[in-house]
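A.B. asks: here is the input, now give the coordinates:
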Amino acid sequence: MSETSKLTLAVVELARANEEFRKVLWTGDQTQLVLMAIPEGGEIGGEVHEGHDQLLYFVAGSGVAKIGDAECDVADGYVSIVPSGSFHNFRNTGSGMLKLYTTYSPPEHEPGTEHATKSEADADE
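C.D. replies: Numbering: from 1, shown residues only. You can find the predicted model right below:
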């Protein structure tokens, strides 16, 4: 996939329509916009980003966010803030896909990255 060159997007609609685990939508010098879809029972996977802040905006489904030692429910309309250096994981605990868009500052993934599944993403890292 080539990234979009548009600077104004209907990102909630794009995120709700997305079926891929990870799809990098736009990459700038300091920020990156990524769509994600987590299947029922799936998870992003525990990780720490050193030097990267991340914001995750949930647009469909329900799940559990773990950031540091704190754990809480997330659903459509929630945002999770992951400061640089914080352990985090997000699990889909609902029925249907957990869909979101996320920003990384600075960018975390190669521009144009697409992974249909988590296993594909894991194999690419």
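A.B. asks: in the sheet, who's paired with residue 54?
C.D. replies: As for beta bridges, residue 54 partners with residue 82, residue 104 under DSSP bridges.
A.B. asks: do I have it right that it meets residue 82?
C.D. replies: Yes. Using C-beta atoms under 8 Å, residue 54 is in contact with residue 82, at 4.2 Å. Any C-beta I mention is one placed from the backbone N, CA and C, and that applies to glycine too.
A.B. asks: all strands of this structure, in order?
C.D. replies: Remark: strands assigned in the chain by DSSP state E are 22-27, 32-38, 47-48, 53-60, 62-67, 70-75, 79-82, 87-92, 98-105, 114-115.
A.B. asks: can you redo the ones you listed as CSV with distance to residue 14?
C.D. replies: Output for these, formatted as CSV (distance: least, C-beta to C-beta, whole Å):
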stretch, distance to residue 14
strand 22-27, 7
strand 32-38, 6
strand 47-48, 24
strand 53-60, 9
strand 62-67, 19
strand 70-75, 19
strand 79-82, 17
strand 87-92, 19
strand 98-105, 7
strand 114-115, 14
